[in-house]
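Asker: Take this sequence and fold it.
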Amino acid sequence: MRLDTLYTAETPEGIALSLRPAGLMARGLAYLIDFAIRLGIFIGVAIVVGMLGKMGVGVMLLSYFFLEWFYPVVFELTRAAATPGKRMMGLRVVMDSGLPVTPAAALTRNLLRAADFVPSFYGAGIVSMLWRRDSKRLGDLAAGTLVVFSSQVSLHGDVPPAEPRAPARPLSPREQMAIVSWAGRATRLTPERFDELARIAEPVLGPDASGVSSDASASQRLLGVAQWVLGRRGASAPTQGGTTR
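Answerer: Now for the predicted structure:
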């Protein structure tokens, strides 16, 4: 079962990036904001050129054309890689590799909004976004782009406080990393899932001879092991076992 919606991309230099694709709600709100901005600009142009007769109509048609097809492209090629609506929602457009979007990709993804629109009001695009885990619409699939949240993804937070306790046996560096990584996800997992994962590590917890009550949850005891691995070893911590750091 998928526990998160992270998308892992690898750059040509071999650097792995963790990206968080934006879903239908965030992108829909961004579209409505951009639509309101484009509508305001078009109304302003219409008021200014409304007295120019046929020339004014031509200017209005050109304005509509550029606002509809090039408004997103221009903003997505800026350093922010996002239209004003996307910026307000904390989104940006990147390539599948996590690199900045290219002019060809920006143009392709926006021209293919016509395909996303069918049969009406972006029906095909909505179905595609709901069907795929990376929330790509048809234009994104053709251009090889991805709309992601621009905020930095934090996989691990601070380890919750717990009474340090030594493991029942020495731990390999890989086991130490796994325990500390698990502890850092305390705020991202439900208590039930957190404790379920902790019970997998029961063999390294050992007998409860440190003063911690025998009915203490596996997660609380394993958090103590995580504190021990990090070197936060109180005077009352047990002395059995050890780690290989």
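Asker: now stretch 140-155: how far from the chain's centre is it?
Answerer: 7 Å (Cα atoms, centre = their mean, to the nearest Å).
Asker: in that stretch, what counts as buried?
Answerer: Neighbour-count burial for stretch 140-155 flags 140-141, 143-150 (criterion: 16 or more other Cβ atoms under 10 Å). Just so you know, the C-beta spots here come from the backbone N, C-alpha and C atoms, and that holds for glycine as well.
Asker: what about that stretch, average pLDDT?
Answerer: Across stretch 140-155, pLDDT averages out at 84.
Asker: What lies in contact with that stretch?
Answerer: Residues lying outside stretch 140-155 but in contact with it, judged by Cβ atoms under 8 Å, 6 or more residues apart in numbering, are 6-7, 9, 18-22, 26-27, 82, 86, 90-96, 101, 104-106, 108-109, 112, 128, 134-136, 139, 181, 184-185.
Asker: Apply 6 Å and report the result again.
Answerer: Residues outside stretch 140-155 that contact it (Cβ atoms under 6 Å, 6 or more residues apart in numbering): 18-22, 90-96, 101, 105, 108-109, 112.
Asker: Put the buried members of the residues you listed into a ChimeraX selection.
Answerer: This is the ChimeraX syntax for the buried subset of these, where burial follows 16+ other Cβ under 10 Å:
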select :19,20,21,22,91,92,93,94,95,96,101,105,108,109,112
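Asker: Which of the contacts of stretch 140-155 fall in helices?
Answerer: Assigned to helices by DSSP state H, the following of the contacts of stretch 140-155 qualify: 105, 108-109.
Asker: if we take these, which one ends up nearest to residue 164?
Answerer: Of all those, residue 105 has the smallest distance to residue 164: 50.9 Å, by Cβ to Cβ.
Asker: From the ones in helices among the contacts of stretch 140-155, pick the one nearest residue 121.
Answerer: residue 109 (18.3 Å).
Asker: need the contact list for that closest one.
Answerer: So residue 109 contacts 139-140, 143, 145 (Cβ under 6 Å, 6+ apart).
Asker: Give me the domain ranges for the chain.
Answerer: Residue ranges for the domains of the chain, per automatic domain parsing: 7-149, 156-245.
Asker: Quick check: the residue nearest to residue 134 when sequence neighbours are not counted vs residue 5, distance?
Answerer: Computed as Cβ to Cβ, 6 or more residues apart in numbering, the closest residue to residue 134 that is not its neighbour in sequence is residue 21, at 4.7 Å. Distance, residue 21 to residue 5, by Cβ to Cβ, to the nearest Å: 6 Å.
Asker: so where's the chain uncertain?
Answerer: The model of the chain has pLDDT under 70 over residues 1-4, 13-16, 152-157, 206-216, 234-245.
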